[in-house]
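1. need a structure here:
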Amino acid sequence: MAEFRGRYLDEVVPARFRNEMIAPYLRATESGLPVYTVQDITDPAGRLIHFERLLLPFARDGKTVDRILAALEFVCADGDFDDKALLSAPAAAPTLQLSATIETRAMAR
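-> So this is what the prediction gives:
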């Protein structure tokens with residue numbers, strides 16, 4: 001994943017999957033709310049990987065999202081998978097299994 005550092009998402013995601021991969025980031029940016037997704041992808045050996053992503057939007061001015069912290073987790077049933085080119089060159093489009101916008105509310109005192 002080090003090859004992603006310092007680069008924009010649309011620079012590293014293949015064009016044919018760009019809309020599916022970027023949509024959760026756009027939702028977090030537009031709503032200002034955290035977004036959680038689970039997508040199924042396969043590694044180069046064909047093993048099924050569950051790709052979990054939690055996106056936390058931040059706004060320096062308190063209104064307009066200008067940063068997103070992304071936590072990514074890859075889970076494989078047997079614990080063994082090849083992470084090389086997992087996101088930058090997947091064999092097929094990721095299959096969305098779950099997508100949730102996390103509603104936040106003020107804590108009651």
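2. mind listing what D43 touches?
-> Applying C-beta atoms under 8 Å, 6 or more residues apart in numbering, one finds that D43 lies in contact with 49, 76, 81-83, 86. Backbone N, C-alpha and C define where each C-beta goes, glycine included.
3. how close does the nearest residue to I102 once chain neighbours are set aside get to T104?
-> In space, I102 comes closest to P34 once its chain neighbours are excluded; the distance is 4.2 Å by C-beta to C-beta, 6 or more residues apart in numbering. The span separating P34 from T104 equals 7 Å under the rule C-beta to C-beta, to the nearest Å.
4. looking at these two, which is more packed in?
-> Neighbours of P34 and T104, each counted by other C-beta atoms under 10 Å, are more numerous for P34; the result is 17 against 9.
5. how about the nearest residue to S99, chain neighbours excluded?
-> The nearest residue in space to S99 (C-beta to C-beta, 6+ apart) is T37, at 4.8 Å.
6. so the one you found makes contact with T95?
-> No: judged on C-beta atoms under 8 Å, T37 makes no contact with T95 at a distance of 11.2 Å.
7. and these two? Which one has more around it.
-> More crowded of T37 and T95, by other C-beta under 10 Å: T37, with 21 against 13.
8. so where do the helices sit in the chain?
-> 9-12, 18-31 (DSSP state H).
9. how many neighbours does S99 have?
-> Summarising burial for S99: neighbours were counted as other C-beta under 10 Å, giving 14.
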